[in-house]
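J.: predicted model, plus sequence, below.
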Amino acid sequence: MSNLIRFGVSLESDLLKKFDRHIKKHKYTNRSEAIRDLIRAELIKEEWMENKEVTGAITIVYDHHTRELVNKVLDVQHDHHDCILSTQHIHLDHHNCFEIIVTKGKATEIDILYLKLKSLKGVKHAGFMMATQGKNLS
């Protein structure tokens, strides 16, 4: 027997039209899949806000010719080695590099790592994606 539970949702007509456009834009097969995805996204945010053990990815783009920047990026990563699972370094062109840093640990520690990398002089762009270890999601 399935653990699937059906329930009704009441929405204003305009909100439902917007939701249906969202579903179409994001290629969901039905409303249930879209609602499940929205619920999971909120649960992941809660994990982060409650400083639970989480995972995520930090991305940075920088000019490796900027004086001492490569050493500073490495120093920050070594200072936070306990929450870094992996890094990938990609040469975009002669000057610009792209790094992907996969993290796992307490949300606050990962946030501190992200903010330190983001604030380094010479970092042109930094991004962050919150994720979950999936233990509490089905």
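T.: Perfect, I can see it now. Numbers count the residues shown, from 1 in each chain.
J.: so which residues make contact with the helix or strand of the chain with the lowest mean pLDDT?
T.: Ranked by mean pLDDT, DSSP states H and E, the helix or strand of the chain with the weakest confidence is helix 31-49, at a mean of 92. Under the contact criterion Cβ atoms under 8 Å, 6 or more residues apart in numbering, helix 31-49 has outside partners 9, 19-20, 22-23, 26, 28, 54, 107, 130-132, 136-137. Glycine gets a C-beta too; all of them are placed from N, C-alpha and C.
J.: ok, residue 37 - how many residues close by?
T.: As a burial measure, residue 37 scores 13 neighbours (other Cβ atoms under 10 Å).
J.: who wins for neighbours among the contacts of helix 31-49?
T.: Going by other Cβ under 10 Å, residue 54 tops the contacts of helix 31-49 with 22 neighbours.
J.: so that residue sits in a helix?
T.: No: counting by DSSP: H, G, I helix; E, B strand; the rest coil, residue 54 falls outside a helix, being strand.
J.: so what's it up against?
T.: Contacts of residue 54 (Cβ under 8 Å, 6+ apart): 44, 47-48, 104-107, 110, 130-133.
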